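J.: below are the sequence and a predicted model; questions follow.
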Amino acid sequence: MPDSSANARRFVHHLVCLGLAVLLAAPAAAQKAPRVVLIIDDLGQDLAAGERVTALPGPVACAFLPARPHVNQLARQCHEHGKEVLLHQPLQAAAANDLGPGGITLDMSHGEVLRVMRENLAGIPHVSGMNTHMGSLLTRHPGHMAWVIEGLEHNLPDGFFVDSVTTPRSVGRRMAAEAGIPHARRHIFLDPVADSEVIKRQFQAWLAHARRDGLAIAIGHPYPETLALLERELPRLADKHGVTLVSVRAALVRQQEEGPWPASLSPLPPAVKSSKP
């Protein structure tokens, strides 16, 4: 295993490649405002919903399930609209959930995990990082999570990892840190259920988290209720809510400059620990 100084050098190299210039070029006022990151999961299956996501204003990150029928078209549209493209990697859940194509399970060997990661990343145009789909079982296992991170590093050397935290026992960020991969965690699920009132409350919780800790990462899904709220509220984030929407990469650069966010180490409220097992 590389020593700590080698990992630190690799981590800094990753962050430079992730776009330090994005942060340095940002206006001073925007840098001081509380920051929010938004990732929309489960893209690639529904074309109409995916196109609504690509049309959302600002640097919304688009996370694609592997081997879905509209991945190529929608990932290219996201990139053209200045949005980050992520692999939404299916990992084994504690329940017997159907992972769909491209899933990784605990019965897979090291070689099988690396093969699946290679195929999944190669199948998504303009991919720049990954986050986890399901995974309440596999993300607890250091060995398999280390293989997943290894697959990310080998196939996307300048990539980053976002832990969706579907279990508080996830070791994903620890494995990414040991490999020197830039990493972050989800703080809020916008839509643990597709209910407009719940989504409104979670949206306000997202903003409150950012105002308290300086940054909050939310994950949502292409539900009609979620998209309706985002279409209405994202254009007003700065003027009405006083927060700045930033990309995952810009948040990671800022994290390296400022050190870990307090929320990264704090427990999640029970109501938002997991929307997917």
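T.: That came in fine, so what should we check first? Numbering: from 1, shown residues only.
J.: shouldn't residue 114 be within a strand?
T.: No - the assignment for residue 114, made by DSSP: H, G, I helix; E, B strand; the rest coil, is helix rather than a strand.
J.: which stretches of the stretch 101-250 of the chain form strands?
T.: Applying DSSP state E, counting those that start in this stretch to the stretch 101-250 of the chain gives strands spanning 127-134, 160-163, 183-185, 188-189, 215-220, 244-245.
J.: ok, which of those strands comes nearest residue 39?
T.: Nearest to residue 39 among those is strand 215-220; the distance by C-beta to C-beta comes to 4.9 Å. Bear in mind the C-beta positions are built from the backbone N, C-alpha and C, glycine included.
J.: nearest to residue 121 among the strands of the stretch 101-250 of the chain would be which one?
T.: When the strands of the stretch 101-250 of the chain are compared (using C-beta to C-beta), the closest one is strand 127-134, at 5.7 Å.
J.: now for that closest one, which elements pack on it?
T.: Judged by 3 or more C-beta pairs under 8 Å, 6 or more residues apart in numbering; DSSP states H and E, the packing partners of strand 127-134 are strand 35-43, strand 61-64, strand 85-91, strand 160-163, helix 248-258.
J.: returning to what we had before: now the strands of the stretch 101-250 of the chain in JSON lines, with distance to residue 229, mean pLDDT and mean neighbour count?
T.: Output for these, formatted as JSON lines (distance: least, C-beta to C-beta, whole Å; pLDDT from 0 to 100; neighbours: other C-beta atoms under 10 Å):
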{"stretch": "strand 127-134", "distance to residue 229": "21", "mean pLDDT": "98", "mean neighbour count": "25"}
{"stretch": "strand 160-163", "distance to residue 229": "22", "mean pLDDT": "98", "mean neighbour count": "26"}
{"stretch": "strand 183-185", "distance to residue 229": "23", "mean pLDDT": "97", "mean neighbour count": "22"}
{"stretch": "strand 188-189", "distance to residue 229": "13", "mean pLDDT": "98", "mean neighbour count": "26"}
{"stretch": "strand 215-220", "distance to residue 229": "9", "mean pLDDT": "98", "mean neighbour count": "26"}
{"stretch": "strand 244-245", "distance to residue 229": "14", "mean pLDDT": "98", "mean neighbour count": "21"}
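J.: got a markdown table for the ones you listed, with distance to residue 232 too?
T.: Listed next are these as a markdown table, based on distance: least, C-beta to C-beta, whole Å:
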| stretch | distance to residue 232 |
| --- | --- |
| strand 127-134 | 25 |
| strand 160-163 | 25 |
| strand 183-185 | 26 |
| strand 188-189 | 18 |
| strand 215-220 | 14 |
| strand 244-245 | 14 |
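J.: now the helices for this structure?
T.: Along the chain, the stretches classed as helices by DSSP state H are 4-24, 28-32, 47-54, 71-80, 110-122, 142-155, 172-179, 196-213, 224-233, 248-258.
J.: dump these to JSON lines, plus distance to residue 100 and mean neighbour count.
T.: Output for those, formatted as JSON lines (distance: least, C-beta to C-beta, whole Å; neighbours: other C-beta atoms under 10 Å):
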{"stretch": "helix 4-24", "distance to residue 100": "29", "mean neighbour count": "15"}
{"stretch": "helix 28-32", "distance to residue 100": "38", "mean neighbour count": "11"}
{"stretch": "helix 47-54", "distance to residue 100": "16", "mean neighbour count": "18"}
{"stretch": "helix 71-80", "distance to residue 100": "12", "mean neighbour count": "19"}
{"stretch": "helix 110-122", "distance to residue 100": "11", "mean neighbour count": "17"}
{"stretch": "helix 142-155", "distance to residue 100": "17", "mean neighbour count": "20"}
{"stretch": "helix 172-179", "distance to residue 100": "20", "mean neighbour count": "20"}
{"stretch": "helix 196-213", "distance to residue 100": "24", "mean neighbour count": "18"}
{"stretch": "helix 224-233", "distance to residue 100": "21", "mean neighbour count": "16"}
{"stretch": "helix 248-258", "distance to residue 100": "24", "mean neighbour count": "20"}
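J.: of all the ones you listed, which one is nearest residue 133?
T.: So among these, helix 110-122 is nearest, using C-beta to C-beta, at 10.8 Å.
J.: tell me the angle the closest one makes with strand 85-91.
T.: Here the directions of helix 110-122 and strand 85-91 differ by 150 degrees (axes from the mean of the first three to the mean of the last three C-alpha atoms, to 10 degrees).
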